[in-house]
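model the structure of this input:
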Amino acid sequence: YEYGNTFTAVGGLLNILGNAATAIERYVPAAGRAAVRHGFLALAADELQRAAPGSDHQLAWARTVAAASRYDGSRLDLLRGILTGTTVIEGLAVDAELRWNFWHALAANGQATVAQLDEGLARDNTAAGRSGHATALAARPEAAVKEAAWTEAVHGTSLSNQLLSATIAGFNTGPAPLLLGFMDPYFECLEEVWAGRSIEIASRIV
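You can find the predicted model right below:
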């Protein structure tokens, strides 16, 4: 695959990148996953720099760098630099969605404080902003954070559908050792969740 030659339509590129990310996280043997993920992220970061300024391809690569960085911290300086303006990628439009994707990656690596995320929410206090904030908060790699997110999502009833999905997305981001302790409770709660919640809420939790 040579960027710019084989696939010119952004839809094809997005499909390839999404499938690659899924394959890395679900199908690559665990022993080699970190190395493959690291190579994929390095490629994405290089292509972000090479992409035509302001193009859909450039945005696709930026989103890919953000998504891959949730599990690999080697390009966090790039993300933070773009957020703060100290790193400029010519033509890259950093909208609210992309900004929250960057914060998700930073938070998942323990590189975002609650105060910073709250500041981001203050600037983007929309429905999408509140979802991005909830995801980033739940993504922080701390046992207490994961426990709180689990309790709120599985046993709480105050979250809207959108915020429930956002919290679950953040909970699921993080080092495997932080999540292994929830494996048995997950299977143990399924019948109760399915019987006691609406189909919509139960489906999101399951």
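
quick check: residue 134 touching residue 170?
Yes. With contact defined as Cβ atoms under 8 Å, residue 134 reaches residue 170; the gap is 6.5 Å. In short, each C-beta sits where N, CA and C put it, glycine included.

residue 97: how many residues sit nearby?
15 (other Cβ atoms under 10 Å).

can you map out the helices along this protein?
10-26, 30-50, 56-68, 76-84, 96-108, 114-123, 127-139, 143-150, 161-171, 176-180, 183-196, 199-205 (DSSP state H).

got the angle between the first one and helix 56-68?
Between helix 10-26 and helix 56-68, the angle formed by their directions is 10 degrees, by axes from the mean of the first three to the mean of the last three Cα atoms, to 10 degrees.

switch to numbering from 523
Taking 523 as the first residue, the last one we looked at is helix 532-548.

chain center to helix 532-548: distance?
Distance, stretch centre to chain centre, for helix 532-548: 14 Å (Cα atoms, centre = their mean, to the nearest Å).

what's that helix in contact with?
523, 529, 555, 558-559, 562, 566, 577-579, 582-583, 586, 589-590, 593 (Cβ atoms under 8 Å, 6 or more residues apart in numbering).

quick one, grab the pLDDT at residue 531.
Per-residue pLDDT puts residue 531 at 79.

and it, how many neighbours?
Residue 531, neighbours per other Cβ under 10 Å, totals 10.

then residue 681?
17.

again with residue 649
The burial count for residue 649: 10, using other Cβ under 10 Å.

what about it, distance to residue 581?
According to Cβ to Cβ, to the nearest Å, residue 649 and residue 581 sit 22 Å apart.

low pLDDT regions in the protein?
523-530 (pLDDT under 70).

can you flag the buried ones in the contacts of helix 532-548?
The neighbour count (16 or more other Cβ atoms under 10 Å) marks 529, 555, 559, 562, 566, 579, 582-583, 586, 589-590, 593 as buried among these.

need the max-distance pair from those residues.
555 and 579 (26.2 Å; Cβ to Cβ).

you'd agree residue 716 is up against residue 723?
No. Judged on Cβ under 8 Å, residue 716 makes no contact with residue 723 at a distance of 10.1 Å.

quick one: which of those two has more around it?
residue 723 (17 against 13).

that one against residue 686, yeah?
Yes. Using Cβ under 8 Å, residue 723 is in contact with residue 686, at 6.6 Å.

joint contacts of the two?
With the criterion set as Cβ under 8 Å, 6+ apart, the contacts of residue 723 and residue 686 do not overlap.

mind listing residues that contact stretch 632-649?
Residues contacting stretch 632-649 (Cβ under 8 Å, 6+ apart): 595, 598, 602, 618, 621-622, 625, 628-629, 651-652, 654-655, 658-659, 662-664, 684.
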